[in-house]
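Participant: model the structure of this input:
(one chain, ligands or ions: 1)
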Amino acid sequence: MEINKIFLNSPYFIRRKKPQNTEGSSGATPVWATPEKPDSVQISTINKALDELSRVEFLPNDLIYMQNLGIKLPFNSGKEAVDWIKSSNTEVLYADFSNPKVHACLHWDEKNGKSLIMINSNYKNNCSFADVLAISEAILHECGHGKDKDSENSIQEELNCMGLNVLAHRFYRQKYKDIFTGHNSFLFSQGVSLYPKLFFNFSLTPLKERIAEKYGYLQTGDEKHCATSLANDIKDIYKKATFV
Ligand SMILES: [Zn+2]
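Facilitator: Below you'll find the predicted structure:
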């Protein structure tokens, strides 16, 4: 396995056909990642996460709710995602990111036609059961990005991939009850525990504002991810906030 510094093209940088196009320019700070060779404990955490993920079934009412929001899930279950990892020879590693706020990232290696899923190495020694589940959610999100085999990203693609980790989180909460209670580290408070709250909220405004802040610079939709009204609303919030 080759361990090199990787310039990430997703989600913080999108390749633009027209560099002069202002859409996507602001906030698209390039991020570098240095993958790390995992030790045996870390390999075991990743394997446990994949094992849990393979048993994730999205809750029927959650699926209807997401569909009504305009979310098109890239996978119908955790097993589908794990099968995709295996069939596509996708590797899952930890990596040191130049931006410590990135939970995980996908690198699409166009030359070799392979995806690499990288989890922030800040989480590499976290191996409580709640951590294992959180890591599995991060892996699932990145599988959603990897499935389309390109390095392009959009607000709609992010929404679709977030739908995956949100539904996995809700499945785990039903299966393991209060497993996430008391877990308030960055991975949870600004990641896996935050988005289920924002998606399943009476008002969608906090969700739109959060995604506008994080991903508003991306194009609204793309060829493979047709923008819905939710993505359009997010883009409008971003434009108003940044006077684009
Ligand atoms: Zn993403």
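Participant: hang on, isn't residue 103 packed against residue 118?
Facilitator: No. At 10.0 Å, residue 103 does not count as touching residue 118 under the criterion of Cβ atoms under 8 Å. Heads up, the C-betas are built off the backbone N, CA and C, glycines and all.
Participant: what about these two, which has more around it?
Facilitator: residue 118 (25 against 22; other Cβ atoms under 10 Å).
Participant: tell me which strands the one helix or strand that one maps to pairs with, and in which orientation.
Facilitator: Element membership for residue 118 (DSSP states H and E) is strand 114-120. Here strand 114-120 is paired, per DSSP bridges, with strand 91-97 (parallel), strand 104-109 (antiparallel).
Participant: tell me which residues of the helix ranked longest in the chain are tucked away?
Facilitator: For the chain, the longest helix by residue count, based on DSSP state H, is helix 155-176. Residues of helix 155-176 classed as buried: 155-173 (neighbour count, 16 or more other Cβ atoms under 10 Å).
Participant: how big is the angle separating that helix from strand 104-109?
Facilitator: 130 degrees (axes from the mean of the first three to the mean of the last three Cα atoms, to 10 degrees).
Participant: surely residue 198 and residue 209 touch.
Facilitator: No. Residue 198 lies out of contact with residue 209 (Cβ under 8 Å); the separation is 9.1 Å.
Participant: using PDB, list the CA coordinates for stretch 149-159.
Facilitator: Taking Å, rounded to 0.1, in the frame of the first residue of the first chain, the C-alpha atoms of stretch 149-159 are listed here in PDB:
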ATOM      1  CA  LYS A 149     -17.200   7.400  -9.400                       C
ATOM      2  CA  ASP A 150     -16.400  11.100  -9.900                       C
ATOM      3  CA  SER A 151     -14.700  13.900  -8.000                       C
ATOM      4  CA  GLU A 152     -17.600  16.300  -8.600                       C
ATOM      5  CA  ASN A 153     -19.700  17.400  -5.700                       C
ATOM      6  CA  SER A 154     -22.800  19.400  -5.200                       C
ATOM      7  CA  ILE A 155     -25.100  20.500  -2.400                       C
ATOM      8  CA  GLN A 156     -27.600  17.900  -3.600                       C
ATOM      9  CA  GLU A 157     -25.000  15.200  -3.500                       C
ATOM     10  CA  GLU A 158     -24.100  16.200   0.000                       C
ATOM     11  CA  LEU A 159     -27.700  16.100   1.000                       C
END
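Participant: middle-most residue in the protein, spatially?
Facilitator: Closest residue to the average C-alpha location of the chain: residue 141 at 3.6 Å, with Cα atoms, centre = their mean.
Participant: once you drop chain neighbours, what's closest to that one?
Facilitator: Nearest residue to residue 141, sequence neighbours excluded (Cβ to Cβ, 6 or more residues apart in numbering): residue 165, at 4.3 Å.
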